[in-house]
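# how would this look folded up:
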Amino acid sequence: MSKLVIVTHPNIEGSVINSKWVNELGKHSEKIAIHSLYEKYPDLKIDVAAEQELLSKYDEIIFQFPLHWFNVPFALKQYMDQVLTYGWAFGLGGDNLKGKKVGFAVSTGGSQETYETMVSLEELLKPVYVSFQYCGCELLPTHRLYGANQGITNEFIESNAKEYADWLL
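Predicted coordinates for the structure are as follows:
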């Protein structure tokens, strides 16, 4: 089964975590397709029909992004609002995502302790999880890396990137 990773990082070149994740996944291009929303749509004018067609081709879809102010990046929210439409993704005749496996790969600037003492990552992502469940998707576990702004080592990031790729494969 081929897999699609939709990357929504507004500055992938300046990214510490997400760029390493993309590079690691790129080593497996025969099994994993990478689609960057900010690269495809720098003006954020999403081609809804093209995105719906793309989603239709894959049985497993991963949304990869950094958490921004305890939320998904703007482009991902816009993508969900525009692409997951009534009659296509849910509602009468809207079964195009039904049965697809959907997962998330999330990086945070804050430490794991922040997310254990203040609010969990699962709580923050609940609206996203529920949205895809409402569309009939099966949720996969979330891959995560905490503390991008906490001085983690390059070795740790590379190890996490390999874990991410192995998880997808």
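
# below-threshold pLDDT in the chain: ranges please.
The chain contains residues with pLDDT under 70 at 1.

# all helices for it, in order.
17-26, 37-40, 48-56, 74-83, 112-117, 121-134, 154-168 (DSSP state H).

# and of those helices, who's closest to Phe65?
helix 74-83 (5.7 Å; C-beta to C-beta). From N, CA and C alone the C-beta is placed, and that goes for glycine too.

# centre of the chain to that closest one, how far?
On the basis of C-alpha atoms, centre = their mean, to the nearest Å, helix 74-83 is displaced by 12 Å from the centre of the chain it belongs to.

# could you check how far the residue nearest to the spatial centre of the chain is from Leu92?
The chain has Phe63 as the residue nearest its centroid, 1.5 Å off, counting by C-alpha atoms, centre = their mean. With distances taken as C-beta to C-beta, to the nearest Å, Phe63 is found 26 Å from Leu92.

# what of Val130?
20 Å.

# more neighbours, the two?
Between Val130 and Leu92, counted using other C-beta atoms under 10 Å, the more crowded position is Val130 (11 against 7).

# residue contacts, the closest residue to Asn96 other than its chain neighbours?
Distances taken as C-beta to C-beta, 6 or more residues apart in numbering put Trp88 closest to Asn96, at 5.4 Å, once the chain neighbours are dropped. By C-beta atoms under 8 Å, 6 or more residues apart in numbering, the residues touching Trp88 are Gln52, Gly94, Asn96.
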